[in-house]
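[1] When you get a sec, could you give me coordinates for this:
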Amino acid sequence: QVQLVESGGGLVQATGSLRLSCLASGTILSINTMGWYRQAPGKQREWVANINSGRITNYADSVKGRFTISRDNAKNTVYLQMNSLKPEDTAVYYCNAVVRSSTWHSPNTYWGQGTQVTVSS
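    Sure thing, here's the model as predicted:
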């Protein structure tokens, strides 16, 4: 089994910055894509960014140029540096990871429990 635990959320004023972390632990042979999603109150969960094992990154248009995703493979951790935050970035942020736990089974996708980010105006 694999667990993902996010940290780093909190309350910040508009134009401020936060850095989210997500640590994967458990039975891990390799981690393919790692990503971040968010869900604002009353809205569906939306994709924010992802990074593959080769460190190729992709971003939603709404965060491009403001957020940076990175990963530390040795620590099984993915980060989301969020700069120039806006009130509309307020949401619960979830990380996910596509993890292979054995050579005999296909990779599975796991989710963290989420961390709250609140941006005040």
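[2] okay, CA-based contacts and neighbour counts for the rest of this
    Fine.
[3] How many residues are close by V2?
    Neighbour count for V2, taken as other CA atoms under 10 Å: 17.
[4] For it, list the residues it contacts.
    24-28, 99, 110 (CA atoms under 8 Å, 6 or more residues apart in numbering).
[5] same thing but 6 Å
    25-27 (CA atoms under 6 Å, 6 or more residues apart in numbering).
[6] A74: which of the residues you listed is nearest?
    Lowest distance from A74 to those (CA to CA) belongs to S25, with 11.7 Å.
[7] Without its sequence neighbours, what residue ends up closest to R38?
    Taking CA to CA, 6 or more residues apart in numbering as the measure, R38 lies nearest to Y93, with 4.3 Å between them; neighbours along the chain are not counted.
[8] With only the CA atoms kept, save the host helix or strand of that neighbour in CSV.
    Assigned by DSSP states H and E, Y93 belongs to strand 91-100. Extracted C-alpha coordinates of strand 91-100, given in CSV (Å, rounded to 0.1, in the frame of the first residue of the first chain):
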residue,chain,number,x,y,z
ALA,A,91,-9.0,25.6,-2.5
VAL,A,92,-8.1,22.2,-1.0
TYR,A,93,-5.0,21.0,-2.8
TYR,A,94,-4.5,17.3,-3.4
CYS,A,95,-1.4,15.5,-4.7
ASN,A,96,-1.5,12.3,-6.7
ALA,A,97,1.0,9.8,-7.9
VAL,A,98,1.1,6.9,-10.3
VAL,A,99,3.1,4.3,-8.3
ARG,A,100,4.4,0.9,-9.3
